[in-house]
Structures are given as C-alpha cells and as structure tokens.
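J.: Based on what follows, work out the 3D shape:
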Amino acid sequence: MAVDKEPLYEPPPVPHLPEKLTEFPPAHAPSVEHQPVLEEVIKYFSDESYVIPQTEDGQLRDEEKFWLSYECIHRYLRATKWAGAKTAITRLEDTLRWRREFGVYDLITPAHVEPEALTGKMVSFGYDVDGRPALYLRPKNQNTEESIRQMHFLTWMLERSVDLMGPGVENLALMVDFAARAKPPSLSIARMTVNILQNHYPERLGRALIVNVPFFVNVFLKLIAPFLDPVTRDKMRFNPSCVSDGLFTSDMLIGEWGGDCPFEYKHEVYWPALVQMCEKRRAKMMDTWRSLGGKVGLREWDVKCSTDFSGDVNAHDTPVQTDETTDEKADEQS
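T.: Predicted coordinates for the structure are as follows:
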C-alpha cells in the first residue's frame, strides 16, 4: 500500500550539481574576440569617478557593484548581441537607474509585497534538472486588483530566484499554470511584465513552461507575442510533460504539475522560511564578495563557490576561450 508523503511547506535548499562545479562554466566565458569588450565595460564601471548618469547621488553603492558582476555584464553583452561596449553600457545604466527608481533596494521589501503573497499565486519552489530555481505563477490564486505592487511582487520574486541560483546557474524556470479559468492580466500589466523581464533581467529566463491554456488566454498570448524578442519566444513550451520530457525529477516537481513532491502552500510557514533563507544567503554572498575585493566585475561563480563551500572550491582564473562560437552556445543554453 502506498504511503502518503508528509506535506512540504518550506522551499528546499539550493542544490549543488557536481557537473556544474568542476570548473568555471564555458557558457559564461566570452570568446577571445569578445573578451576585450567585456573588459572595457568592467573598466568603465570600475572608474572611481563614475556616477550613474541623470541620477542623484549617482556614485555606485556596494549592492550595485555586487550586481555588476562579470556574469551580469556578460549577460547584457549577450542580450545586446555584442553590438559593442557602448550599447551594453547604455542598457546597464538604464537598469541601474530602474533598480533605484523602482525601489529594488528599499521600497520592495518582504513587508511591502507580503499582501500579494498570501494565497501562493507566485511561489519559488524546487529546481529543474539543470539546477534552475522554479518560479510558479498560479493566476487562479489571484487575490488583489491590478496595481504597481503586483509588479513589485514579481520583481521581489525574481530577485529571490536570483538569490537561490547555485554556482554555475544564472537563469530560472518560469512555470505558468492557467488552470481553473484563470483571468489573464491586462495588456498594460503584461507589457510591463515583459519590459521588466527583457530589459532588466536579460538572459535570466532559462525556460518558460505553460500549461492549461484556455482559448482566451491563447488569444492573449498571441497579442503579447509581438512584444517578446525571438529568443524569449523560443524558450516557451506549452503543456510539457515535465518529468518524462526530462525537465524535472519527480521529487522536485509539485503535484499539480505531475510531480511527486507533496508541496502545499501554507503562507505562515513558507513565507518566513523563504525570506530568512534568501536574506541569510544574500548576506553571506555579500560578505564573501567583500572578502574577494568588493569591486565591479567579480565573478558570481567565485562568490557562490566560496560562499557555499567555505573556501573549499578555490577561485579560478577566467579560462581563455579559443572557440569564437562560445557566446552562441551560451545563448542556446541560457
């Protein structure tokens, strides 16, 4: 007789995938041709006299230098298709301003967004087979009217997904379930969501899995398709069989998606556990970042390995790439 599993109410710890920990991921390293461009961007933001244009008190803060990692700059260069250092710098400065103006560092706190989280309409839980944190969107659990705070909540959850990415992982698995006749968001909210994801979290979407798509939602998705770049559209899969397709192990996939994980959303347990886990991990990574020099261009790989293994995994020199197609491979894998 099968024994029912005890419900799980808290998010699991960050996994450490052995195959991702042997060396600095090749997908994160530019080709020999592109390396000077990346170094030019790092040098630009490392200048002690640098200030964010059109910004009051524009000198970079520690959290902004931390954000301007080697991999972050590489992601923006890939997102701009290596159009040059100037193009990437413009995009990065747009996001630096947006992060301040939108309140990523001050306004968007757990207390501010918690009313949006009460019903579990957006949940970070588990990881796919590549170690990407899974961010579940469940519109059927919508509990508030459309407002800017909904966008703040989305941003807060994206930031927590970033916190929960282990060494060698730089994007997430977005899981959208339109079950129970969920009402799609307005076109304006959808466009704002696309803008946030594409402009301020480039290369952060590893895959987008969408299930239970009713006719009216399908029409809605076609309406917003023109606002999606081709790379993002290619990452969308409809009605996948996540376990049999090899996207998730059954123990890491929640039951309503066909997995064996007995996760249940109990806000009073899940929420403080997620907040504490992410705050502790982020604080530890900041301490590690400072111990490694606390400057623009440090690698997330080195920070995460040193954080997660207390120095057991040494910082590595960036490998020299001789294959000029490395960046194309990165786009395919991201």
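J.: Could you give the separation of the helix or strand hosting residue 158 from the chain centroid?
T.: Applying DSSP states H and E as the criterion places residue 158 in helix 148-163. Relative to the centre of its chain, helix 148-163 is centred 10 Å away, using CA atoms, centre = their mean, to the nearest Å.
J.: what residues does whichever helix or strand comes after that helix touch?
T.: Going down the chain from helix 148-163, the next helix or strand is strand 172-177, by DSSP H and E. Strand 172-177 is contacted by residues 127-128, 132-140, 158, 161-162, 165, 204-212, 247, 256-257 when judged by CB atoms under 8 Å, 6 or more residues apart in numbering. For the C-beta atoms, the positions are set from N, CA and C on the backbone; glycine is no exception.
J.: Then stretch 136-146?
T.: If you take CB under 8 Å, 6+ apart as the criterion, stretch 136-146 is touched by 115-116, 118-125, 150, 174-186, 189, 254.
J.: Send me that stretch as CSV with only the CA atoms.
T.: Output of stretch 136-146 as CSV, limited to C-alpha atoms (Å, rounded to 0.1, in the frame of the first residue of the first chain):
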residue,chain,number,x,y,z
TYR,A,136,5.5,29.1,-10.2
LEU,A,137,2.8,31.5,-11.4
ARG,A,138,-0.7,30.4,-10.4
PRO,A,139,-3.2,33.1,-11.7
LYS,A,140,-6.1,31.1,-10.2
ASN,A,141,-4.9,32.3,-6.8
GLN,A,142,-5.0,35.9,-7.7
ASN,A,143,-6.1,37.9,-4.5
THR,A,144,-5.5,41.5,-5.4
GLU,A,145,-6.6,44.1,-8.0
GLU,A,146,-4.0,45.1,-10.6
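J.: Show me which positions of it end up buried.
T.: Of all the residues in stretch 136-146, those buried under the rule 16 or more other CB atoms under 10 Å are 136-139, 141-142.
J.: hmm, back to that, drop anything exposed from the contacts of strand 172-177.
T.: 127-128, 132-139, 158, 161-162, 165, 204-212, 247, 257.
J.: Now go through the residues you listed and say which are in helices.
T.: 158, 161-162 (DSSP state H).
J.: In this structure, mark out all the strands, start to finish.
T.: 122-127, 133-137, 172-177, 205-211, 236-238 (DSSP state E).
J.: could I get the ones you listed as CSV with mean pLDDT?
T.: Converted to CSV, those look like this (pLDDT from 0 to 100):
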stretch, mean pLDDT
strand 122-127, 98
strand 133-137, 97
strand 172-177, 95
strand 205-211, 93
strand 236-238, 89
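J.: possible to save those strands as TSV with distance to residue 277?
T.: TSV is the format used below for the strands of the chain (distance: least, CB to CB, whole Å):
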stretch	distance to residue 277
strand 122-127	10
strand 133-137	11
strand 172-177	16
strand 205-211	21
strand 236-238	28
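J.: Go through those strands and name the closest to residue 289.
T.: strand 133-137 (20.1 Å; CB to CB).
J.: Return the residues in contact with residue 288.
T.: By CB under 8 Å, 6+ apart, the neighbours of residue 288 are 303, 306-307.
J.: Turn those into a markdown table, columns for neighbour count, pLDDT and distance to residue 55.
T.: What follows is the contacts of residue 288, written out as a markdown table (neighbours: other CB atoms under 10 Å; pLDDT from 0 to 100; distance: CB to CB, whole Å):
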| residue | neighbour count | pLDDT | distance to residue 55 |
| --- | --- | --- | --- |
| 303 | 25 | 95 | 26 |
| 306 | 22 | 88 | 31 |
| 307 | 21 | 87 | 30 |
